[in-house]
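>>> need a 3D model of the following:
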Amino acid sequence: MSKKLYVGNLSYDVSSSDLEALLAAHGTVLSAEVITDRMTGRSKGFGFVEMESAAEADAAIEALNGQQHGDRTLTVNEARPRAPRTGGGRGGYGGGGGRRDRY
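Residues are numbered from 1 along each chain as shown. Next up, the predicted model:
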């Protein structure tokens, strides 16, 4: 069964293929994606990698978490499910009503 990993504190010039190559030394990589900003296309400095097995994922965590890559110390751990987003309940408009002239 595959296992998804979070890889954080990446240099902003690391590509998805660089990330795949980094973890491929520890097992079969099914997918690797560096997360980018929607507006600028620039890396956000983290990504996700899906390893073929839990044993390979655990080996990658053991080998890479806390290690230097470039000038940064990597954070590698099991990815957690995304938390549901809350809308805040206001619909995006701050309320307060409009101005009314009263005579």
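>>> okay, now the unreliable bits of this structure?
By pLDDT under 70, the weakly predicted segments of the chain are 87-103.
>>> could you list every helix and strand in contact with the top helix by length along it?
As assigned by DSSP state H, the longest helix anywhere in the chain is helix 54-64. If contacts are counted by 3 or more CB pairs under 8 Å, 6 or more residues apart in numbering; DSSP states H and E, helix 54-64 sits against strand 3-8, helix 16-24, strand 43-51, strand 75-78. Every residue, glycine included, has its C-beta placed from N, CA and C.
>>> out of these, nearest to Leu30?
Nearest to Leu30 among these is strand 43-51 (4.3 Å), distances taken as CB to CB.
>>> extract the C-alpha set from the closest one and format it as PDB.
The C-alpha coordinates for strand 43-51 follow below in PDB (Å, rounded to 0.1, in the frame of the first residue of the first chain):
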ATOM      1  CA  SER A  43       7.400  27.300  -5.300                       C
ATOM      2  CA  LYS A  44       5.900  27.500  -1.800                       C
ATOM      3  CA  GLY A  45       8.900  25.600  -0.500                       C
ATOM      4  CA  PHE A  46       7.200  22.300   0.200                       C
ATOM      5  CA  GLY A  47       5.800  19.300  -1.700                       C
ATOM      6  CA  PHE A  48       4.300  15.900  -1.500                       C
ATOM      7  CA  VAL A  49       5.700  12.500  -2.600                       C
ATOM      8  CA  GLU A  50       3.800   9.300  -2.900                       C
ATOM      9  CA  MET A  51       6.000   6.200  -2.200                       C
END
